[in-house]
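pasting the sequence and the predicted coordinates here, then a few questions.
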Amino acid sequence: SPFTIIREYMRFSINPEMATQEVQPNETLTNLKAESDTLKTKLEDERAKLHDVELHQVAEKVDGLGQFIMKTRRTLKGHGNKVLCMDWCKDKRRIVSSSQVSVWIIVTFSEEHAVTMPCTWVMACAYAPSGCAVACGGLDNKCSVYPLSLDKNENLAAKKKSVAMHTNYLSACSFTNSDMQILTSSGDGTCALWDVESGQLLQSFHGHAADVLCLDLAPSETGNTFVSGGCDKKANVWDMRSGQCIQSFETHESDINSVRYYPSGDAFASGSDDATCRLYDLRADREVAIYSKESIIFGASSVDFSLSGRLLFGGYNDYTINVWDVLKGTRVSILFGHENRVSTLRLSPDGTAFCSGSWDHTLRVRDRGYIPKGPHSQGEG
Amino acid sequence: TSLAESPFLSVRDRPEQAVMLEMQDPKTGVKSQPQKLVITTIPHAITGEDVVTWLANRYTIEAEEAWALGTMLVAFGYIYPLQDHKRLVIKPDTSLYRFQTPYFWPAQQWPVEDTDYAIYLAKRNIRKKGVLEMHEQEQYNSLHKWMNHKWDFIVMQAKEQYRAGKERKKPDRTVFDCQERAYWIVHRPPPGTVSAMDYGLERMVDPNAEEVTGQSRVCVCVCVCVLVKFSITCNKHDPFLAPCLPSNPWVTDDVTYWLLNMANVDIPTKMRVERWTFSFGELLSDPRGRDDFRLFLKKEFSGENLAFWEACEDLKWGTAATMNEKAQQVYKTFLARGAPRWINIDGKTMEVTVKGLKHPHRYVLDAAQTHIFMLMKKDSYGRYLKSPVFKDTQKKAIGPDQHRFRSVKRRPSISPIIVRQQEKEERARMATSGPVDITQVMSKLSNKGKEVPPPKK
């Protein structure tokens, strides 16, 4: 209402004349609306001037991070094909990974190859919270759940349960807080929430204007929302209960390949084909940081935070991994080693290591190496 | 063909083209000179080390990164190697390269046509029979099969191009052949060649954006300060920023860190207990923290609040089929008049909830759950942190010393399937033997040296 705007305007005491102007009884609604629109714009401008601050400015006083030397602890080569996706089990030791031709569960810590399932172009895979099932899908437009077995010779495909059905490829999937529900995103432009047991569609999410490429669930303490990113350059935040898009961010200049919540749930990061990663604050409702460098000209495919949210790891299409200081906006490390695109990257559940998967057929697990105790820990490796 | 239309897309669509134009600047770009290659002299050849040096200076980056960037330019086909032409990498030495002509730059919107490839292979076949490599021969045969209907056209085009090529001067022809060969190595890579033109699925973009208006906003200053504060608070707990105690299992192969932090250990570590003080959410999401809190609430005779919250979570994330039954159970246990674990919520919320329960859905208890959550967060949580229960836990918490000794061998870990079975058996035993302190039971299991996950709540 125009009256609310005028009151707000008074708080900022920008133009005392306008603030105290009485509304004449014969002023038409149109005039009032036009006036309120002008005031609204002026208000936004003034607000922006007063509070326009970048994250790195606030973080100026924070200690810098120093040198980082990461060590590769495991190089897993069994896929024999482009690795497209991976996810950690909550036990912090196992991962599920998918490639163009198979899904593979590996006990990375002791390097046991648990089980392989033949599948085609599995673009998405996820571990169930219980560690007793995995979900995957891709060009078949479906997401299926496979209960795992202790018997290494058992044919897992026989027990497979089709849960989600989209009308185009499955790009990402994630279990919610239990094994009973799955959230999916698809090339058909929608996301959906499914009941695993019955295959029932619980909620669908419409709003993207193109393929949805990624999603991430908010940390459970912060409620029932998730964020998705798409080829329409938008990152949308959704209410799982109502199916409504409650926030939308459009500052990227190209497809958003990956989204991940900041550990507190107050913000999320995105990685895009425009070669940048960005940080969006949910309560401020805007972008608050951009992670880019002139020498980085190829897209970021996959992003994830370290446990404290201080580091953002990005896997890129130029075969490298860049590690960013989230608060200061600078790059603290660049990692080589993969011989083709990095397609997927996740930190382990307790943040002790991260795993990257690549089109070079390998998965690599890396950590920071031995860190001496003390206030200014430097990497030693 | 599409090639003729492609090259000069805006720099925004193809940022690497800007790099290429800069690199070829006669004054400030990479030095080039004619080089003798076999019997011909190739004009404007550059060395790998010059390219890497130029990139390192231009972008103020280290040599290794400049090398990686240079490799990308080769992998995309903007620069091509004159020697060892099937390896699309830049070698930071005197190896020779050339800038690819814009005619052959990667085109964004138009996929490379099989017809063009067929013409190229046919042309090479005409020039000299048997010159095609094995993978090329295979491709040629396969193209011949499914393009059979237009094979005459392809052969005609190939002959035309061959004839036109013969009319060029020898040096020009050599250069063009190099360029063309390089183009096809990028777009139809031989086995073992990694080419950056390999791409994933076609992505469809259909323009019809929907506007979503933002809600009420909080001042950016405040939000950004919250982000900074969170990160700093958690700094010591981040294994990439501070040492895991006693050691990071990935570094030393010693799993003590994981064993000490299992879901239901009897005695938690100091670091873990500290995290419970960061926020109520942190306390609740750690099963050991939640158990401690539960013990405290029991002593205050307000355990039903947490039990209700857990029942709500169970309803929200449970199977659709069990919804009705669970909702009814919750009503009987917590909400009905005279219920055994009656929870104290305000009249309005109770009214809304009971009404909703007539037609239950998984979010029917939302209002009540939020109310109870806020009650615990604003009231019980603060008292818990000051309570003897918490202080006792805090005092007993373990603070292991750091070590860097490598473990002799990596212990294999137990399958989560076995763990879940054990947990089920334990529950069954508990159910028959009457009320037992769950913390004791689970820690007994973990003390047996087996790893136990949190009980499913």
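Now that the structure is in, tell me what you want to look at. Please read these numbers as outputs of a predicted model, since none were measured by experiment. Numbers count the residues shown, from 1 in each chain, chains lettered A, B, ... in the order given.

from here on, contacts and neighbour counts on C-alpha atoms
OK.

what strand or helix carries the residue lying closest to A:Gln244 once chain neighbours are set aside?
Spatially, and ignoring its direct neighbours in sequence, A:Gln244 is nearest to A:Trp238 (5.7 Å; Cα to Cα, 6 or more residues apart in numbering or on different chains). According to DSSP states H and E, A:Trp238 maps onto strand A:235-239.

packing partners of the helix or strand that that strand is followed by?
Once the chain leaves strand A:235-239, the next helix or strand it forms, by DSSP H and E, is strand A:245-249. Under the contact criterion of 3 or more Cα pairs under 8 Å, 6 or more residues apart in numbering or on different chains; DSSP states H and E, strand A:245-249 touches strand A:235-239.

and the strand it packs on with strand A:245-249, angle?
Here the directions of strand A:235-239 and strand A:245-249 differ by 160 degrees (axes from the mean of the first three to the mean of the last three Cα atoms, to 10 degrees).

please identify the pairing partners of strand A:235-239 and their relative orientation?
Using DSSP bridges, strand A:235-239 pairs in its sheet with strand A:225-230 (antiparallel), strand A:245-249 (antiparallel).

could you chop chain B up by domain?
Chain B is divided into the following domains under the TED database: B:3-104, B:114-187, B:237-403.

of those, which shows the lowest average pLDDT?
Mean pLDDT is lowest for domain B:3-104 among the domains of chain B, at a mean of 84.

so is stretch A:135-146 next to chain B?
No. Judged by Cα under 8 Å from any Cα of the partner chain, stretch A:135-146 makes no contact with chain B; its nearest approach is 9.4 Å.

what lies in contact with that stretch?
Contacts with stretch A:135-146, where a contact means Cα atoms under 8 Å, 6 or more residues apart in numbering or on different chains, come from A:120-128, A:133-134, A:156-157, A:159-171, A:173-174, A:184, A:186, A:196.

return only those of those residues found close to chain B.
Restricting the contacts of stretch A:135-146 to those near chain B - Cα under 8 Å from any Cα - leaves A:Val196.

now a ChimeraX select for only the buried ones of the contacts of stretch A:135-146.
Remark: buried members of the contacts of stretch A:135-146, expressed as a ChimeraX selection using 16 or more other Cα atoms under 10 Å in any protein chain shown:
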select /A:120,121,122,123,124,125,126,127,128,133,134,156,161,162,163,164,165,166,168,169,170,171,173,174,184,186,196
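
just the ones in strands from the contacts of stretch A:135-146, please.
Counting by DSSP state E, the part of these found in strands is A:122-127, A:133-134, A:161-165, A:170-171, A:173-174, A:184, A:186.

near chain B, which residues of the stretch 51-200 of chain A?
A:51-55, A:58-59, A:73, A:91, A:93, A:109-110, A:130-132, A:148-150, A:176-178, A:180-181, A:187, A:195-198.

ok, back up a step: residue contacts, the residue nearest to A:Gln244?
Counting by Cα under 8 Å, 6+ apart, A:Trp238 has contacts A:Phe205, A:Thr225, A:Phe226, A:Val227, A:Gln244, A:Cys245, A:Ile246, A:Gln247.

how about a cut-off of 10 Å?
A:191, A:205-207, A:217, A:224-228, A:244-248 (Cα atoms under 10 Å, 6 or more residues apart in numbering or on different chains).

least confident pick among those residues?
Among the contacts of A:Trp238, A:Asn224 carries the lowest pLDDT, at 89.

could you report the neighbour count for it?
Using other Cα atoms under 10 Å in any protein chain shown, A:Asn224 has 15 other residues around it.

and it, what does it touch?
By Cα under 10 Å, 6+ apart, the residues touching A:Asn224 are A:Thr176, A:Leu217, A:Ala218, A:Trp238, A:Asp239, A:Met240, A:Arg241, B:Lys316.

just the buried members of the contacts of A:Trp238?
A:191, A:205-207, A:217, A:225-228, A:244-248.

okay if I get those residues as CSV plus distance to B:Ala18?
Output for the buried ones among the contacts of A:Trp238, formatted as CSV (distance: Cα to Cα, whole Å):
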residue, distance to B:Ala18
A:Cys191, 37
A:Phe205, 39
A:His206, 38
A:Gly207, 35
A:Leu217, 38
A:Thr225, 41
A:Phe226, 37
A:Val227, 34
A:Ser228, 32
A:Gln244, 41
A:Cys245, 38
A:Ile246, 38
A:Gln247, 35
A:Ser248, 32
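
ok, B:Lys378 to chain A distance?
15 Å (Cα to the nearest Cα, to the nearest Å).

tell me the contacts of that residue?
B:Phe280, B:Ile372.
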